[in-house]
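Engineer: build me a structure from this.
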Amino acid sequence: MTSNSAPSRGWNDLDVKTGGTGRPNLNEVRDYHVARLNHALRRPGMWARETTLRLFLDAVAFVDGIDQVWQAECEQLRARGAFTSLGVPGAFARILPGYHDDGAAVASVYADIAWRHGWLTVDRTLSAEDLQRLGDGVAHWCSRDRNLDEVLAEFGSPSVLLGPSDARSSKTLVYAANRATGLICLHFVGTHDRNATKPQSESPPALLAIRHGDGVFADTFTFTPTGTVYRQQVDR
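Structural biologist: The predicted model follows:
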């Protein structure tokens, strides 16, 4: 596995003005918007989730002069069934009606787009061989229940962690090699019931599904047994 990308900074860590004075140039404006986008992707629960992500993507696309390409990406989401009248959350609700997180799964869909256009900042990349090993092993990895610790032991830290970094919460791990191969997204559900009144075990989050590819949205998921259970739940 290789690492060739520096950790991303929060948008509020970015000084967009040279020397702290004067009007920022176009590159500095772009850096500012890209940093804001990456912060929102990694911590969607701290922002307005999908609405904020789309606004930030719109801004970055405009600065890069490819706003029409961004609009085409949005139309492609609809065509694939990844965007309904309720947005990307609506598409996830159809596939995993019993699953709730802080917006990390939805953020992973927009991370796909950001990665294709050079807007996603990753902490590290996998070699093409390691990413292929993960992709080729999807059926094997989803044939039985897995937890977060098992995945990290096998594949190492993700290229990007979407969602909370604590050991209990639902989250999505994203692995990347290069833009030609796209992202592989692993969706986890927290096993801790915050409403429980009795002590609980410290079980790590459970893998629900691995998502990869740009075909029909529902067809890009491979589910674990736990994920299959969530698919059969009725959202209330």
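
Engineer: tell me how far the helix or strand of the chain with the lowest mean pLDDT lies from the chain's centre.
Structural biologist: The helix or strand of the chain with the lowest confidence, counting by mean pLDDT, DSSP states H and E, is helix 128-136 at a mean of 88. The gap between where helix 128-136 is centred and where its chain is centred comes out at 18 Å by CA atoms, centre = their mean, to the nearest Å.

Engineer: and what of stretch 147-166?
Structural biologist: Taking mean C-alpha positions (CA atoms, centre = their mean), stretch 147-166 and its chain are 12 Å apart.

Engineer: next: stretch 27-46.
Structural biologist: Worked out by CA atoms, centre = their mean, stretch 27-46 lies 14 Å from the chain centre.

Engineer: tell me the average confidence for that stretch?
Structural biologist: On average, the pLDDT along stretch 27-46 is 94.

Engineer: packing partners of the helix or strand hosting N38?
Structural biologist: Element membership for N38 (DSSP states H and E) is helix 26-42. In terms of contact count using 3 or more CB pairs under 8 Å, 6 or more residues apart in numbering; DSSP states H and E, helix 26-42 is assigned the packing partners helix 50-64, helix 104-116, strand 160-162. In short, each C-beta sits where N, CA and C put it, glycine included.

Engineer: which of the ones you listed sits closest to Y175?
Structural biologist: Among these, strand 160-162 comes nearest to Y175, with 8.5 Å by CB to CB.

Engineer: what's the following helix or strand after the closest one?
Structural biologist: Taking DSSP H and E, what comes next after strand 160-162 is strand 171-176.

Engineer: what pairs with that following strand, parallel or antiparallel?
Structural biologist: Next to strand 171-176 in the sheet, as set by DSSP bridges, lie strand 160-162 (antiparallel), strand 183-189 (antiparallel).

Engineer: about what we covered before: for the helices and strands packed on helix 26-42, which one ends up most surrounded?
Structural biologist: helix 104-116 (a mean of 24; mean count of other CB atoms under 10 Å).

Engineer: and the angle for that one with helix 26-42?
Structural biologist: Interaxial angle, helix 104-116 versus helix 26-42 (axes from the mean of the first three to the mean of the last three CA atoms, to 10 degrees): 150 degrees.

Engineer: can you name every helix or strand that the strand or helix carrying E150 contacts?
Structural biologist: E150 belongs to helix 148-155 when assigned by DSSP H and E. When contacts are defined as 3+ CB pairs under 8 Å, 6+ apart, helix 148-155 sits against strand 171-176, strand 206-212.

Engineer: mind putting those in TSV, mean pLDDT and distance to G22 included?
Structural biologist: TSV is the format used below for the helices and strands packed on helix 148-155 (pLDDT from 0 to 100; distance: least, CB to CB, whole Å):
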stretch	mean pLDDT	distance to G22
strand 171-176	96	36
strand 206-212	96	44
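
Engineer: center of this structure - which residue?
Structural biologist: The centre of the chain sits closest to S108, judged by CA atoms, centre = their mean, with a distance of 2.3 Å.
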